[in-house]
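A.B. asks: Kindly generate the corresponding structure for this input.
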Amino acid sequence: MQHDLSSLVVALSKSEDFEDAATRTLATLMQLTERTIVASKFAGRGKVLRGMVHLRPSEGYLRLAILEQGATAVQTAGSTGARGVPSLVSATAWRSVVQHECPVFIDVTLGTLRPYSPQSPDKIEELLPGSFSSQESRQSFLNRQASHVCVIPLRTLGSGIGGMISLEADSPTAMGQDFVWRECVEQLQTIAEIASPYLTGLPFRPAPQVEVDEYLPVVGSSMANLLPILNVFAQQEESILVSGATGAGKSRLARWMHSRSNRRKGPFEVLDLIAVPEDLQMAELFGWKKGAFTGAVKDSMGSLGRAEGGTLFIDEIDKLSLKAQAGLLRVLEERSYRVLGDGAGDRGADVRFIIGTNVDLHEAVRTGRFREDLYYRINVLPLRVPSLDERRDEIPLWANYMVNRRHKEQFPQGVAHLSPEAEQTLCQRTWPGNLRQLDNIIRRAYTLALVEHGATPELTLGESQFARALEYEGATGEASPSVSVSHSLTDAFRAAAAAFIAEAQRRGTPLDLGLAESLVGMVLGLAVQKLDREDAFRLLGRENLLKNRNHHKVLKRELEKVEALYKELGEGSSPFSSLLAENEAD
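C.D. replies: Modelled structure (predicted):
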């Protein structure tokens, strides 16, 4: 053992990247386990299959390295030459490692988990519902012939848990036993503690060139390092939890993973909870029969039914009511649900779930706003999407992609691009609104360019257009006080008119002028979102409507015009759809 440690320390000190350190660490751990097997009662009846290093701080996976028995170097998840799709260690194992800060032994066949405790050698934790005990996760291990797994925590310099190492072994005759883990676990733990600073601190090898597609048309260096993990996640059946700021691209990544999953031929359904009133969440999720509740004038399939055989992306999961959380938990655990008002019994849910959030769900659990059992059931494969400010190399790439996408709607063979000065202007900004905010700026600057230069097949957006487009953002996303409001407002209205005309020309069919009236609804809707309803009406000179209590009807009428515009343009629900639903509920 002493020789193993000395050799490992020397080897790790010469490692230049995470992959090299992972290879040396896993090889040492697997060799030690093999020697322990030979000296045990399982000699000839058990073998080590593989080792894995999982880098996954609390926010989600960063890297996964796999060393198969007999291999000379690790394969990172998703890399060329990796053998199949790795089975990831369960969410319950990770939870137990973090909670107990000690190694964990898993008996795959029995579905039990035993935290290592020298003081209580017989203590066994039954796996919690929805984790490793789920059929998907269990079968994934069995398909890889893993009957026993040992999971060891990787400690960071701050004494936190920054990842784990899993060792998989095949020994069917050891069912109901700890295999050989208890005999060598302290030595395994010592090796992991020596290697941890290298595994959590060394840089990754540069990611290979990534092929872009319609769902992920831009990939910078930081995202390139995450895509191998995403590719592995895509091919699992367990739930994926995608966290990240609003507008960072969670929906795009969900579609990307669906397109690479075994369910890619099935539907991809989106349930955005921010647009669904709380009292309708159960109905939108499960569907309903005519007459199930007031307003149910016809049958509706619901998100689960529409996603059958495919993927359901539930965004803004923190907006789910506690009642609906209980219903979703049942679906995840039992894979069945009942349509509201349907007396025919339960239906099967052949659906893969991807969950999106922009809040700290662990904190929501602590404050009682989110069920703990549901949190651990959806936190099986976690991933954090970096904000656009963390992917600054992507800013000019996304900007050029967005402006070309818009330009080709009008000129399919045309080309539009940003000048170098315009790209520099964008790169010098911060982007709290992420890709969504950048897209709004691109739309604004593109319209300004059309106003100035006219609609031409070749178009260059310069610094001046972006400077004016950014004036509306200001330091906090509001109009800069130094800008002449009247001048900027007339420019914006003129730009909106030009965009309306350009859209009609692109379509080649009439675009009803009445849809331009939706501008009033947009102004009113934004004001209500920024302020409250009564203050918004006062601000916009409609206090008389408050006195007559007609402001609800007016708001509804104007917001319906906005919805009609979005529907006509094929852009789905408007940003005010939830506001409209709330107003109707009132």
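A.B. asks: Can you name the element that comes right after the host helix or strand of V451?
C.D. replies: Per DSSP states H and E: V451 is located in helix 434-453. On the C-terminal side of helix 434-453, the nearest following helix or strand under DSSP H and E is strand 458-461.
A.B. asks: tell me which strands and helices that following strand is in contact with?
C.D. replies: Contact partners of strand 458-461 among helices and strands, from 3 or more CB pairs under 8 Å, 6 or more residues apart in numbering; DSSP states H and E: strand 415-418, helix 434-453. From N, CA and C alone the C-beta is placed, and that goes for glycine too.
A.B. asks: pull the CA atoms of the first one into CSV?
C.D. replies: In other words, strand 415-418. The C-alpha atoms that make up strand 415-418 are tabulated as CSV, following Å, rounded to 0.1, in the frame of the first residue of the first chain:
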residue,chain,number,x,y,z
VAL,A,415,-26.4,37.7,-45.7
ALA,A,416,-26.3,39.9,-42.7
HIS,A,417,-23.5,40.4,-40.2
LEU,A,418,-22.2,42.6,-37.5
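A.B. asks: If you average the pLDDT over it, what comes out?
C.D. replies: For strand 415-418, mean pLDDT is 92.
A.B. asks: all strands of the stretch 151-300 of the chain, in order?
C.D. replies: Taking DSSP state E, counting those that start in this stretch to define them, one finds strands in the stretch 151-300 of the chain at 161-170, 240-243, 268-272.
A.B. asks: For the longest one, enumerate the helices and strands it packs against.
C.D. replies: Using 3+ CB pairs under 8 Å, 6+ apart, the elements in contact with strand 161-170 are helix 18-38, strand 47-55, helix 91-100, strand 148-155, helix 181-201.
A.B. asks: Any buried residues in the shortest one, and which?
C.D. replies: Of the residues in strand 148-155, H148, V149, C150, V151, I152, P153, L154, R155 count as buried by neighbour count, 16 or more other CB atoms under 10 Å.
A.B. asks: and what of stretch 275-285?
C.D. replies: Those would be A275, V276, P277, E278, Q281, M282, A283, E284, L285, for stretch 275-285 by 16+ other CB under 10 Å.
A.B. asks: Relative to the whole chain's centre, how far out is it?
C.D. replies: Relative to its parent chain, stretch 275-285 has a centroid offset of 21 Å by CA atoms, centre = their mean, to the nearest Å.
A.B. asks: Quick check: end-to-end length of it?
C.D. replies: Start-to-end span of stretch 275-285 (CA to CA, to the nearest Å) is 13 Å.
A.B. asks: Repeat that for stretch 45-61.
C.D. replies: Per CA to CA, the first residue of stretch 45-61 is 34 Å away from its last.
A.B. asks: And it, what's buried?
C.D. replies: For stretch 45-61, a neighbour-count test (16+ other CB under 10 Å) marks 46, 48-57, 60-61 as buried.
A.B. asks: so which of those comes closest to D107?
C.D. replies: Using CB to CB, G46 comes nearest to D107 of the buried residues of stretch 45-61, at 13.0 Å.
A.B. asks: tally of neighbours for the nearest residue to that closest one once chain neighbours are set aside?
C.D. replies: Nearest non-adjacent residue to G46, counting by CB to CB, 6 or more residues apart in numbering: S171, 3.2 Å away. Neighbour count of S171, defined by other CB atoms under 10 Å: 19.
A.B. asks: Need the phi and psi values for S171.
C.D. replies: With angles defined as degrees, to the nearest 10, S171 sits at phi -160, psi 80.
A.B. asks: distance of it from N143?
C.D. replies: Taking CB to CB, to the nearest Å as the measure, S171 falls 17 Å from N143.
A.B. asks: next one: Y376
C.D. replies: Y376 is 24 Å from N143, where distance means CB to CB.
A.B. asks: Settle it for me: which of the two has more neighbours?
C.D. replies: Per other CB under 10 Å, whichever of Y376 and N143 has more neighbours is Y376, with 18 against 11.
A.B. asks: Just to check, L448 is in contact with A469?
C.D. replies: Yes - applying CB atoms under 8 Å as the test, L448 and A469 come out as touching, 6.3 Å apart.
A.B. asks: per-residue confidence averaged over stretch 93-100?
C.D. replies: Stretch 93-100 shows a mean pLDDT of 81.
A.B. asks: Next, the buried residues of it.
C.D. replies: Neighbour counts using 16+ other CB under 10 Å place A93, W94, R95, S96, V97 of stretch 93-100 among the buried residues.
A.B. asks: Same check on stretch 349-359?
C.D. replies: Going by neighbour count (16+ other CB under 10 Å), the buried part of stretch 349-359 is A349, V351, R352, F353, I354, I355, G356, T357, N358, V359.
A.B. asks: Identify the residues contacting that stretch?
C.D. replies: The contact list for stretch 349-359 (CB atoms under 8 Å, 6 or more residues apart in numbering) reads 237, 239-246, 248, 250-251, 254, 257-258, 261, 263, 304, 307-318, 331-332, 335-337, 378.
A.B. asks: Filter these down to the buried ones.
C.D. replies: Among the contacts of stretch 349-359, the ones that count as buried by 16+ other CB under 10 Å are 237, 239-246, 248, 250-251, 254, 257-258, 261, 263, 304, 307-308, 310-318, 331-332, 337, 378.
A.B. asks: OK, contacts around A581?
C.D. replies: A581 is in contact with A275, V276, P277, L280, counting by CB under 8 Å, 6+ apart.
A.B. asks: In JSON lines, list those residues along with pLDDT and distance to I442.
C.D. replies: Shown next, in JSON lines, are the contacts of A581 (pLDDT from 0 to 100; distance: CB to CB, whole Å):
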{"residue": "A275", "pLDDT": "86", "distance to I442": "24"}
{"residue": "V276", "pLDDT": "88", "distance to I442": "29"}
{"residue": "P277", "pLDDT": "88", "distance to I442": "32"}
{"residue": "L280", "pLDDT": "88", "distance to I442": "34"}
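A.B. asks: For the nearest residue to E269 once chain neighbours are set aside, give its distance to F370.
C.D. replies: Leaving aside its chain neighbours, E269 sits nearest to A307 (3.8 Å; criterion: CB to CB, 6+ apart). Distance from A307 to F370, counting by CB to CB: 22 Å.
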